[in-house]
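# give me a model of this one.
(one chain, ligands or ions: 2)
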Amino acid sequence: MTRTALITGITGQDGSYLTELLLSKGYEVHGIVRHTSSLIANTSRLDAVYQDPHESGRRLFLHKGDVTDAGLLGNLVRDIAPDEIYNLAAQSHVRVSFDLPEYTANVTALGAVRLLEAVRASRVEARIYQASTSEMFGLAAPPQSETTVFHPRSPYGAAKLYAHWATVNYRESYGMFAASGIAFNHESPRRGETFVTRKITRAVARIAAGIEKHVYLGNLDAVRDWGYAPEYAEAMWLMLQHAEPVDYVIATGRPARVRDFAEAAFAHAGLDWRDHVEHDDRYERPAEVPELIGDPAKIGREIGWRAKVHWDELARVMVDADRAALRAGE
Ligand code: NAP
Ligand code: F7E
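Ligands and ions are numbered 1, 2, ... in the order given. This is a model prediction of the structure:
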């Protein structure tokens, strides 16, 4: 029997890697794609696996929709009756969430509730993955694990915490198989261009090519636990194959500061970061999360997932990809 998955946020970094993983495992994959005024704007990360709707035997289906539309979610869940649902849709940018707090809550917090409610109301026996985040830990001292007390520091962190507890609540109230992956930062050549790692590696490519001279950044002292996004898609899938719905921290456990990542990325192109990084207050946040370092012991012990790529290798992979894309004129 072909297994069926529904992915919200399929056009994002993680959604695209998860789609590739599930298709490679023989799944039929359905994804929700937001309407835009341009045909190609938001599906570019799916180019490699896109299948023409006129092809027979295709296994990837894209549905126009939005997680702010409860009726649509209900209809899709009922019609597709997926075995697995991955809720990856979010306004996921922390800095942007300070400018758009209500919008962020509507998409990132209430979007999860609408989806949980769609599953409950339809009685479809789907296993649900909720994309929780290390941003829920906020000010809590590292290393952060499944038992660390949450202290979010942004509208995004607070919205994700609401979605996280809603997921726990639907599991406990209705016996649903709903599990949260508390993922620490994960990056790749497909990372959005305004997140700090990709902003740095794109700048390295452009500076090395002589197109630009500087990149403007905010807080260089923030510590993050950066992993490689395709490995995190594997963790999501493994969590839904587990016998029980359990929440896990997904992390490398290896910390680095923003300045360390910048130093490694510039050095990989033979450049000294201190010659090219300038400070701009605009990239500071009203409240910063100073230090996120995950303790991935539980997920390693119980489902055997371990990060293989760490931040310094990741910096090199992303610089190489951005330099290649620039040469190819992308
Ligand atoms: P991303 O690249 O920002 O992708 C977000 C996805 O959500 C995109 O497909 C976006 O569509 C979609 N989306 C936004 N608003 C929507 C709406 N109203 N209705 C339907 N879809 C909507 O994020 P990501 O890095 O892949 O992360 C995936 C999930 O994991 C997110 O929930 C994020 O918050 C969470 N997370 C990420 C990290 C990380 O380090 N990457 C860590 C922890 C948790 P468009 O393409 O149309 O914008
Ligand atoms: O910032 C600092 C910034 O925006 C990382 C999202 O995927 O991971 C991501 O959230 C750090 C912060 O990621 C710039 O202040 C300095 O301390 O790349 P970021 P994030 O805020 O950690 C979590 C786990 C998620 O769940 C989120 O969805 O870098 N920083 N200068 C900067 N950050 C940005 N964006 N731009 C700068 O110029």
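# ligand 2 contacts on the stretch 201-330 of the chain?
Taking Cβ under 6 Å from any ligand atom as the contact definition, the stretch 201-330 of the chain meets ligand 2 at Leu217, Gly218, Asn219, Ala222, Arg224, Val258, Tyr283, Arg285, Glu288. Bear in mind the C-beta positions are built from the backbone N, C-alpha and C, glycine included.
# which of those has the largest number of neighbours?
Arg224 (23 neighbours; other Cβ atoms under 10 Å).
# quick check: bridge partners of it?
Ala256 (DSSP bridges).
# tell me the contacts of it?
By Cβ atoms under 8 Å, 6 or more residues apart in numbering, Arg224 lies in contact with Phe184, Asn185, Pro255, Ala256, Arg257, Val258, Phe261, Leu292, Trp311.
# go on, Ala205?
Ala205 sits next to Ala269, Val319, Asp322, Arg323, Ala325, Leu326 when contact means Cβ under 8 Å, 6+ apart.
# cutoff 6 Å now
Ala205 makes contact with Asp322, Arg323, Leu326, according to Cβ atoms under 6 Å, 6 or more residues apart in numbering.
# with pLDDT, distance to Leu18 and secondary structure as new columns, can these be given to me in a markdown table?
Converted to a markdown table, the contacts of Ala205 look like this (pLDDT from 0 to 100; distance: Cβ to Cβ, whole Å; DSSP: H, G, I helix; E, B strand; the rest coil):
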| residue | pLDDT | distance to Leu18 | secondary structure |
| --- | --- | --- | --- |
| Asp322 | 98 | 23 | helix |
| Arg323 | 98 | 26 | helix |
| Leu326 | 97 | 27 | helix |
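# what residues does stretch 154-162 touch?
For stretch 154-162, contacts defined as Cβ under 6 Å, 6+ apart pick out 94, 97, 101, 104-105, 108-109, 132-133, 135-136, 138, 150, 152.
# out of these, which is nearest to Met1?
Ser132 (29.8 Å; Cβ to Cβ).
# mind checking pLDDT for the residue nearest to that closest one when sequence neighbours are not counted?
Nearest non-adjacent residue to Ser132, counting by Cβ to Cβ, 6 or more residues apart in numbering: Ser180, 3.9 Å away. pLDDT, the model's per-residue confidence, is 98 for Ser180.
# secondary structure element holding Thr148?
Using DSSP states H and E, Thr148 sits within no helix or strand.
# distance check, it against His186.
19 Å (Cβ to Cβ, to the nearest Å).
# let me know the pLDDT of the residue in the chain that ligand 1 sits nearest to.
Closest contact between the chain and ligand 1, by Cβ to the nearest ligand atom, is at Gly12 (2.1 Å). Listed pLDDT for Gly12 reads 98.
# the residue lying closest to Asp272 once chain neighbours are set aside: neighbouring residues, count only.
Closest residue to Asp272 apart from its sequence neighbours, by Cβ to Cβ, 6+ apart: Phe266 at 6.4 Å. Phe266: 25 surrounding residues under other Cβ under 10 Å.
# now Ala297: closest residue in space that isn't a chain neighbour?
Sequence neighbours aside, Ser145 is the residue nearest to Ala297 in space, at 7.2 Å (criterion: Cβ to Cβ, 6+ apart).
# touching, that neighbour and Asp295? I think so.
Yes: using Cβ atoms under 6 Å, Ser145 is in contact with Asp295, at 4.0 Å.
# where does the stretch 51-200 of the chain have low pLDDT?
The model of the stretch 51-200 of the chain has no residue with pLDDT under 70.
# which parts of it sit against ligand 1?
Within reach of ligand 1 by Cβ under 6 Å from any ligand atom, the stretch 51-200 of the chain has these residues: 66-68, 88-92, 107, 131, 133, 183, 185-186, 192.
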